[in-house]
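**Q** Sequence first, predicted model second:
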Amino acid sequence: MVESIARVRHIRVTPQKARRVVALIKGKQAQEALAILKFAPQSASEPIYKLVASAMANAQVKADKDGEYLDEQDLFVKNAYVDEGTTLKRFQPRAQGRAFQIKKRTSHITVVLSTPEVADTAAGSNKKASK
């Protein structure tokens, strides 16, 4: 019953491109998600790979702190989402003295890993509340 969160902020990847990669790993087992990200051709897959690995390490530390046993095979990606970060505005000179604005977008990426027991107990409590 371990749940861990890892976040990276102000990463220089556009949110639209990062969301495509995050959609590949949602709901997958953590080890499988790492394998998918390792061979994904998108440039956003490298920081997301590091983020999932960090979330796995966070889960291990949290389990050790609580005195629980954690098998990394049990972890799965419970939730992963990408929020828009700050936009860096740069200007490029154009013809006839004009300036052309370039927007360099950033992302805030969050990955939540969990063991199946946490998801099962949450679903069970919702059923009891609805009765």
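**A** That came through, no problem. Numbering: from 1, shown residues only.

**Q** tell me the SS of Cys89?
**A** You called it Cys, but residue 89 is Lys. Secondary structure state of Lys89, per DSSP: H, G, I helix; E, B strand; the rest coil, is strand.

**Q** Distance of it relative to Gly67?
**A** Distance, Lys89 to Gly67, by CB to CB, to the nearest Å: 50 Å. (C-beta placed from N, C-alpha, C; glycine too.)

**Q** So if I had to pick from these two, which one is more boxed in?
**A** Neighbours were tallied for Lys89 and for Gly67 using other CB atoms under 10 Å; the higher tally belongs to Lys89 (9 against 6).

**Q** Taking the centroid of this protein, which residue is nearest it?
**A** Note on the chain: the residue nearest the mean C-alpha position is Val111, at 3.2 Å, using CA atoms, centre = their mean.

**Q** Give the other helices and strands that the helix or strand that one falls within contacts.
**A** The secondary structure element spanning Val111 is strand 99-114 (assigned by DSSP states H and E). In this structure, strand 99-114 makes packing contacts with strand 3-11, helix 15-25, helix 45-66, strand 76-93, judged by 3 or more CB pairs under 8 Å, 6 or more residues apart in numbering; DSSP states H and E.

**Q** By neighbour count, which bits of the second one are buried? Give me those.
**A** This points to helix 15-25. Buried residues in helix 15-25, counting neighbours by 16 or more other CB atoms under 10 Å, are found at 15, 17-19, 21-22, 24-25.
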